[in-house]
Structure formats: C-alpha cells, structure tokens
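J.: just the structure for this:
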Amino acid sequence: MRTVRLTTAQALVRWLIAQRTELLDGSQAPLFPGVFAIFGHGNVLGLGNALEEHRDEIPVWRGQNEQGMALAAIGYAKATHRRQVMVATSSIGPGALNMVTAAGVAHANRLPVLLLPGDTFASRAPDPVLQQVEHFGDGTLTVNDAFRAVSRYFDRITKPEQLLAALPQAARVLTDPAECGPVTLALPQDVQGEAFDFPESLFAPVVHHITRPRPDSRSVERAAELIKAAKRPLLVVGGGVRYSGAGGKVIEFAQTHGVPITETTAGRTLVPHDHRLHAGPLGVTGSSSANTLAAKADVVIAVGTRLQDFTTASWTVFHPETKIVSINAARFDAVKHGSLAVVADAAEGLRELNRALGDWRAEDPWTASASHERAKWDEHLDGLRQATDGLPTYAQIVGAVNDNAHPQDYVMTASGGLPGELIGGWRALGAATMDVEYGFSCMGYEIAGAWGAAMARAGTHPDGVITTLLGDGSYLMMNSELFSAAFAGHPLVAVVCDNDGYAVIARLQQGQGGAAFNNMYADCRSTTDSSKRRVDFAAHAASLGCGVIQADTLAEVGPAYSAARSQAQQERRPVVVLVRTHPSSWTEAGAWWQVGVPETAHRTEITDAHRESQEARTRQLRYLAP
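T.: Okay, here's the model as predicted:
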C-alpha cells in the first residue's frame, strides 16, 4: 500500500478536493465546491495553511460572521438541490458557537453542510487555553459538544488516523437522501498539525451518486388499494420532490390520475402556477384554495414532506377521517401520523405507484375543483395587490416584484411576515425557484443564504438574479454578508421592507389578546423623550458596498426592483431596494396555527383567546385521536 505523509488538515483538504458529485442533469461537479472561512487561533495554522496550499483547487471565501457564512453554505446547498456541499470553518470558542444556529437551520431543513470548528488541544497540556470553557464535572467536554444536538453526524478528530473512519461517514450523511443534514467534525488545533502516513487511496477521485431507493412492492400495493377507493384524493408535494428532481413525475402522475396538487413551503414553485391541477400552497401560510380541497380530501398522497405544523395548520387542515399515503425516502418521516408508509425516493415511489394504479382516475368534478378554487384565490390576491392609499403592503410588494421578475430568477425569504406572503402569493415563473427558510425560521438567513444561492447559481443561471425579501428586523439581525457578497462580486437584490419593528410577532401578540409591547418601536422602552430614532438603511447598505434604490410608493416598487435587478447584474454586487411598508396588513389563508395562549392572564382578551384556542384544539384532537 502506497502512503503519503500529511498533516490531519492536509489530508482533510486533499480528501475534500477528491470528492465529486452527480448533478440532477447527470453531469459531474465537485461535491465540495468551496470553503467559507473565518480564521482564528483554532484553525488558521493547521486548516488555514492546508487550504492556502490548495487555494487554486478549492476556493476559500471569507465571511464576516460565522453564523452568516454557515447560513450562506446552507443557501448554496438548497440552490443546488442538495447535490453540492459547502464547508464552513471557524476558530474555537465563540467562532465555533456562532455556527450552532446555522447547524440548527440545516438540521431542521434536512440540508447538507460540513462544519469544521476548531477545538481546544487534544493533549490538554496548555489548558486552560484562550476561548476554552471548562466543565467542572467532565474534562472531555468543549463548546463544540453543543453541535451534537444539531448535527446529523458529529465526530471529534483526536488522532490523524481517525479521518480514515470519519470521512466516509461524513460523506454518507451529506449525500444520503434520508439522513441528509449537517456534519460536524471538531478539529483540535494541535491535531490539525499532526502528521500520519495516509494511504494514497484515500485521495483517489470518487463520484457520489445520490441513491434512489425503490419502495417495497407490498407497500405500493396497499397504497394503490387505498387510493383507488378514494373519491377525493389530493397530492401534497414537499421538498423531497425537489431534491429528487421529481417535479415532472408529480405532474405526470397527477395528470394521469386527475389528482389535484398542493405544495408545502419546501415544495413551492415545483408546479407551474397556472397548471389546471395546481390548487395552490397548503396550510397556514398557503392559500384558501388548497386548504378548501384539503378539508374535503379523503386520501392525501404526501410526497417528500414531513407535514410540519404550518403545512397541516397544526393538524386541523384535513378532515378527521382523511387517510394519508406518505412517500418519503426517510422512514422516520414516512410513518408519521399513522400514514401508510411507502419508503422510497420520490420519483421511484411515484413511478411504482403510477404503475399499480393503472388507468384509475379521480372523478372529473373533483379534478376540476383545483383550478376552480385556485382561480378564486388568484382573484383574492389580485384584489390585495391593487394600489391603495397609504404605505405599500407586503402583498403589494410581493406582487410588484413577481410582475417584474424573470423565469430564471430565484426568490428567497425566511422569518417574519414575508414567508406567508411569498408562499401564498408568489406565482411561479420557473421550476424550483423559491427558497423559504421556514423549517427553523431563522432571522438573518435572508441575506446570508442569498449570498450562497447567488454563488451557487452563477454558472448555471447566468441570466437569473437572486432576490431576497426581508423586513427591517431581519436586516438588523444579520446584514454583514452583504459586504461579503459585494466584496466577492456576487450580485443579488435585497428588498428591505421597513415597517418599524417586529410586525408579524406584534400581530401574533395582539391577535391573541396581548397588549402591544416590545415588538414595534413605538411600543418599546426608550431612554429618551426625543422623537423616535430611525435606522438609515440606505446609508448603511451603501457603506457595505451595495447599490441602493429607495421606493416611496407602490408605483415606484416595480420600476425600482427592475432597476436594481439590472444594476446588480451590471455591477456584480448586491443592490438594496428600500420600501417603507404597512405594519399591519396581511394575507390570510384561513387556517389555524396552535400557539401557547395563557389559560389565566391579567387581560380578559387573553383568556378569551385561550378559550377560542381550546375550541380549535377540539378539532385538532378529532384528527389526532386513534
């Protein structure tokens, strides 16, 4: 066996470079196309020197905030449909802990990212070292153990030769359709520089082919029997369909059998908006059209979705007698809520189920109800988008951007009120062109994730532009990666909707009987009697190297967005569109969401809201009861 003497860090970098992946179109690309890095004393000498040694083979991008660059890695993974994985490395201590939130985002959304936080000395000789947190009762613990709860795979490399066992496991998790999620390899700074005679075979090029597991034939037969007995079947399309590349298979299946289609948050834009079987997005942030069909459906065919609470309206959107067939690569998800589980890749599961159903079709009136109900929802949205006096609403801004976007563009948002407006109100222009981070609802993902998406789509969609919509609260939460994108030359458009605070949480607070408190600036404690201060977002964005365009009225939003889109492409940098927006105007899909309303309170409005919540809980329990 031929060997080569390398440090742990050198071996790790050479292994990263050797890994390849098969994309959805059959072409090949690097599995690890780059590294986001902020260097500190826990990684600059070991991993930093190894990355510099191979700087022409694997790009290294410097972030401004460890959480931000790791969120950018997640945006990259989503934009490449989980076929490519970015790496993020940090120093020990605070740099490492800053990435824990991003790991939570990746874990909740089943997205791959490789996290390489520096760690304290494995030898413990110089303990306690700078940035070390000592645990009085356990000498083996470091801050990196915080990653265990939010990693699909965690390992601490305390000897160079441990890479031989750890790296195949890391690749397995990052490329497995069922296990996919963040991988954390904690790297003690002394071990990064230790050398070992590694077998050269470790660095031989490997192409990772994402597996497409086929279903057990008996589960397909049982699912087909259940569907054939249905009068009102309904398809629910989730993110697993996107990652499988099975959007076309869903439409083919629906057309063959006359089944209306609804989408989850992660499944949005997989179905053309005006397709005759498209009933709209489902759930709290979805559409009344999809929710109307869900309430009538007797069998739901859930493909590639874990059916989280926003999709199911906390399990009140379906009729209590509804049966669920769940096609999912992960058995963990497929068996939820008493579903008839078909454990399979979305495309393969649909193919087998299509064959088992033969020429069976749903009845024509039910099939036609999809376009009929969606037309009513579209008419409702058209009304919301009409110009009115006063500040523009979220719905109007989404409509203006939608009207001026191009088919190759890619639209994003995360927490707050904009997910509901974008999920329910956006009309798909191109397939798989939306990323709404609503699995973890992470404020700040909007900008950082957009940087990663812009990087990922630069070569494959040169005529498209990444557009991210966010509120002033998210902008203030994390904006530093605007400079990262400007510095690196990655164009994007950020539409910042300034409504003077955390408006959607104020909506929840007051909608459940609470007093206006600590969400909108007008309701926050202030140490001055002078007029309320405002953030100069234009000056701030400009200081980060961005172009800036102000839109003061709804009539100006569309032209401002079009101008920003062109400017971003021409100047290869982010352009920020600033819009003062209405603080309390929302699109409602007519669905309930369970929240923790107090049973006793000093306000009767709160106890009234609790009583109403308990009534909704009765509906929920009728569904959940065995």
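J.: list the buried ones in stretch 183-199?
T.: For stretch 183-199, the neighbour count (16 or more other Cβ atoms under 10 Å) marks 183-194, 196, 198 as buried. In short, each C-beta sits where N, CA and C put it, glycine included.
J.: what residue lies at the spatial centre of this structure?
T.: Note on the chain: the residue nearest the mean C-alpha position is E437, at 3.4 Å, using Cα atoms, centre = their mean.
J.: surely it meets G449?
T.: Yes - E437 is in contact with G449 according to Cβ atoms under 8 Å; the separation is 6.4 Å.
J.: ok, residues contacting stretch 576-584?
T.: The set of residues external to stretch 576-584 that reach it, using Cβ atoms under 8 Å, 6 or more residues apart in numbering, is 390-394, 397, 482, 493-501, 503, 506-507, 520, 537-538, 541, 546-552, 557, 560-561, 564.
J.: among those residues, name the ones in helices.
T.: Judged by DSSP state H, the subset of the contacts of stretch 576-584 located in helices is 394, 397, 482, 503, 506-507, 537-538, 541, 557, 560-561, 564.
J.: emit the PyMOL select command for whichever of those residues are buried.
T.: Buried members of these, identified by 16+ other Cβ under 10 Å, are gathered into one PyMOL selection as follows:
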select buried, resi 394+397+482+503+506+507+537+541+557+560+561+564
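J.: would you convert the ones in helices among the contacts of stretch 576-584 into TSV that also reports distance to R351?
T.: Converted to TSV, the ones in helices among the contacts of stretch 576-584 look like this (distance: Cβ to Cβ, whole Å):
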residue	distance to R351
Y394	40
I397	41
L482	44
A503	45
A506	48
R507	43
F537	50
A538	52
A541	48
V557	44
A560	46
Y561	40
A564	43
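J.: so can I have a markdown table of the ones in helices among the contacts of stretch 576-584 showing pLDDT and distance to P260?
T.: Supplementary listing: these in a markdown table, determined by pLDDT from 0 to 100; distance: Cβ to Cβ, whole Å:
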| residue | pLDDT | distance to P260 |
| --- | --- | --- |
| Y394 | 96 | 27 |
| I397 | 97 | 29 |
| L482 | 98 | 41 |
| A503 | 85 | 33 |
| A506 | 84 | 36 |
| R507 | 86 | 30 |
| F537 | 96 | 42 |
| A538 | 97 | 45 |
| A541 | 98 | 43 |
| V557 | 97 | 33 |
| A560 | 98 | 37 |
| Y561 | 98 | 32 |
| A564 | 98 | 37 |
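J.: for the ones in helices among the contacts of stretch 576-584, which one is nearest R5?
T.: When those are compared for distance to R5 (Cβ to Cβ), L482 wins out at 43.0 Å.
J.: for the nearest residue to the closest one once chain neighbours are set aside, give its distance to R385.
T.: Using Cβ to Cβ, 6 or more residues apart in numbering and skipping residues adjacent in sequence, the residue nearest L482 is L544, 4.5 Å away. Distance from L544 to R385, counting by Cβ to Cβ, to the nearest Å: 31 Å.
J.: and S288, by the same measure?
T.: Here the criterion is Cβ to Cβ. By it, S288 lies 16 Å from R385.
J.: domains in the protein, as residue ranges please.
T.: The record, using automatic domain parsing to delimit domains, assigns the chain the ranges 3-208, 217-376, 386-580.
J.: that older thread, now for E437 and G449: what residues contact both?
T.: Between them, E437 and G449 share the contacting residues I74, M412, A414, judged by Cβ under 8 Å, 6+ apart.
J.: after the host helix or strand of the first one comes which helix or strand?
T.: Meaning I74. Secondary-structure assignment from DSSP states H and E places I74 in helix 66-79. Helices and strands here follow DSSP H and E; after helix 66-79, the next one along the chain is strand 87-90.
J.: for stretch 143-160, output the C-alpha coordinates as PDB.
T.: Written as PDB, here are the backbone C-alpha positions of stretch 143-160 (Å, rounded to 0.1, in the frame of the first residue of the first chain):
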ATOM      1  CA  VAL A 143     -18.100  24.100  23.500                       C
ATOM      2  CA  ASN A 144     -18.200  22.000  20.300                       C
ATOM      3  CA  ASP A 145     -20.300  19.400  22.000                       C
ATOM      4  CA  ALA A 146     -23.100  21.900  21.600                       C
ATOM      5  CA  PHE A 147     -23.200  20.800  17.900                       C
ATOM      6  CA  ARG A 148     -24.300  17.300  18.900                       C
ATOM      7  CA  ALA A 149     -27.900  18.300  19.200                       C
ATOM      8  CA  VAL A 150     -28.000  19.900  15.800                       C
ATOM      9  CA  SER A 151     -25.700  17.600  13.700                       C
ATOM     10  CA  ARG A 152     -26.700  14.500  11.800                       C
ATOM     11  CA  TYR A 153     -23.200  13.300  12.300                       C
ATOM     12  CA  PHE A 154     -20.700  14.500  14.900                       C
ATOM     13  CA  ASP A 155     -17.100  13.500  15.500                       C
ATOM     14  CA  ARG A 156     -14.100  14.900  17.200                       C
ATOM     15  CA  ILE A 157     -10.800  14.000  15.500                       C
ATOM     16  CA  THR A 158      -8.300  13.400  18.200                       C
ATOM     17  CA  LYS A 159      -5.800  11.400  16.100                       C
ATOM     18  CA  PRO A 160      -4.900  11.900  12.400                       C
END
